[in-house]
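1. Here is a sequence with its predicted model. Questions after.
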Amino acid sequence: MSEIITIANQKGGVGKTTTTVNLGASLAKKGKKVLIIDADPQTNATTSLGFNRNDYEYNIYHVLIGIKKISDVILKSKIKNLDMVPANIGLVGVEKEFYNSRKKNRELLLKKGLEPVKDKYDYILIDSPPALGPITINALGAADSVIIPIQCEFFALEGLAQLLNTINLLKKSINPKLTIKGFLPTMYSGQNNLSKQVLEDLSHHFKDKLFMDKKNDFIIVPRNIKVAESPSFGQPVTEYAKKSKGAIAYTDLAKSILKG
Ligand SMILES: Nc1ncnc2c1ncn2[C@@H]1O[C@H](COP(=O)(O)OP(=O)(O)OP(=O)(O)O)[C@@H](O)[C@H]1O
Ligand SMILES: [Mg+2]
């Protein structure tokens, strides 16, 4: 049985896609079979893994609307053990259909779509868009747990209450087993007092929900140029610059998740 983890935060640009792709690649490197689902019409996870529009005809949208089986839209990435389901800008159509539909279980379309491949992967990671709309609700509805990347900048914790509230509502309704896997501080800069403040706030409020490395330090993804560059080469940073601080942080995150 696979563990399904959604990477979510309705704030934009906080490191959701970066975390999905690099955690996925790190888990695959450790020999786990991983499927990344790009559930964002911006298609950044798809691009980050080196795919372009001509590489695929169908995408997650066709699974959500029920005209394709998930196995028909899975692509093999260049990385061993790492597969992905691409997205397309057409995915915004789901939002509209969702609002117009009175269909029962419309929050569980993704969960249903993933059912047939659940046993084939150790981990399924879902990258979600920067909104608390129907796609994110589907992504959370399908998940066993959620990782919340927090950008170590001003306003980092703004909107967090709303996200946590949404998660609690989902737990009480469509997805009782949903848990918070952890908060991941991202784009941390040691010279920046704001970064330090955000980390302090996080460790004050959510200490037991921060990931720990083997030295029992919090896992923090530093602001690292290699992390920012790697998507333009269609590679996770763990391939593009294996020894970079960013690659090391995501490898540590994978280890922490494997430890359970
Ligand atoms: N640790 C890091 N160091 C440097 N740059 C980073 C780091 N993490 C992410 N970035 C860059 O910051 C930008 C935003 O990251 P990313 O796309 O992962 O965020 P997101 O939450 O998925 O955004 P969106 O809400 O638009 O989907 C990207 O350009 C990414 O390359
Ligand atoms: Mg993204």
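-> Great, that's in hand. Residues are numbered from 1 along each chain as shown. Ligands and ions are numbered 1, 2, ... in the order given.
2. Let me see the ranges of the helices in the stretch 51-200 of the chain.
-> Here the stretch 51-200 of the chain has its helices, by DSSP state H, counting those that start in this stretch, at 60-64, 70-73, 92-100, 109-114, 134-141, 160-172, 193-206.
3. weakest of those in terms of mean pLDDT?
-> When mean pLDDT is averaged over each of the helices of the stretch 51-200 of the chain, helix 92-100 scores lowest at a mean of 77.
4. in that one, what counts as buried?
-> Residues 94, 98 are the ones in helix 92-100 that count as buried (16 or more other C-beta atoms under 10 Å). The way it works is simple: take the backbone N, C-alpha and C, and place the C-beta from them, glycine included.
5. Dump the C-alpha coordinates for it into PDB.
-> Taking Å, rounded to 0.1, in the frame of the first residue of the first chain, the C-alpha atoms of helix 92-100 are listed here in PDB:
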ATOM      1  CA  VAL A  92      -8.600  25.000 -14.600                       C
ATOM      2  CA  GLY A  93     -11.700  23.500 -16.300                       C
ATOM      3  CA  VAL A  94     -12.100  21.200 -13.300                       C
ATOM      4  CA  GLU A  95     -12.700  24.100 -11.000                       C
ATOM      5  CA  LYS A  96     -15.600  25.300 -13.100                       C
ATOM      6  CA  GLU A  97     -17.100  21.800 -13.500                       C
ATOM      7  CA  PHE A  98     -16.700  21.300  -9.800                       C
ATOM      8  CA  TYR A  99     -18.600  24.400  -8.900                       C
ATOM      9  CA  ASN A 100     -21.300  23.600 -11.400                       C
END
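6. relative orientation of that helix and helix 134-141 in degrees?
-> Orientation check (axes from the mean of the first three to the mean of the last three C-alpha atoms, to 10 degrees): helix 92-100 against helix 134-141 gives 80 degrees.
7. what's the neighbour count on the nearest residue to residue 14 once chain neighbours are set aside?
-> In space, and not counting its chain neighbours, residue 14 is closest to residue 151: 4.1 Å by C-beta to C-beta, 6 or more residues apart in numbering. For residue 151, the neighbour count with other C-beta atoms under 10 Å is 23.
8. Check whether residue 151 really touches residue 187, as I assumed.
-> Yes. At 5.1 Å, residue 151 counts as touching residue 187 under the criterion of C-beta atoms under 8 Å.
9. which neighbours do those two share?
-> Taking C-beta atoms under 8 Å, 6 or more residues apart in numbering as the criterion, residue 151 and residue 187 both touch 14, 15.
10. Now do the buried residues in stretch 220-234.
-> Per 16+ other C-beta under 10 Å, stretch 220-234 contains these buried residues: 220, 221, 222, 223, 224, 227, 230, 231, 234.
11. Which residues are in contact with the residue nearest to residue 129 when sequence neighbours are not counted?
-> Excluding the flanking residues, the one nearest residue 129 by C-beta to C-beta, 6+ apart is residue 40, at 4.1 Å. Neighbour list for residue 40: 16, 17, 87, 91, 127, 128, 129, 130, 135 [criterion: C-beta under 8 Å, 6+ apart].
12. and the gap between residue 40 and ligand 2?
-> 5 Å (C-beta to the ion, to the nearest Å).
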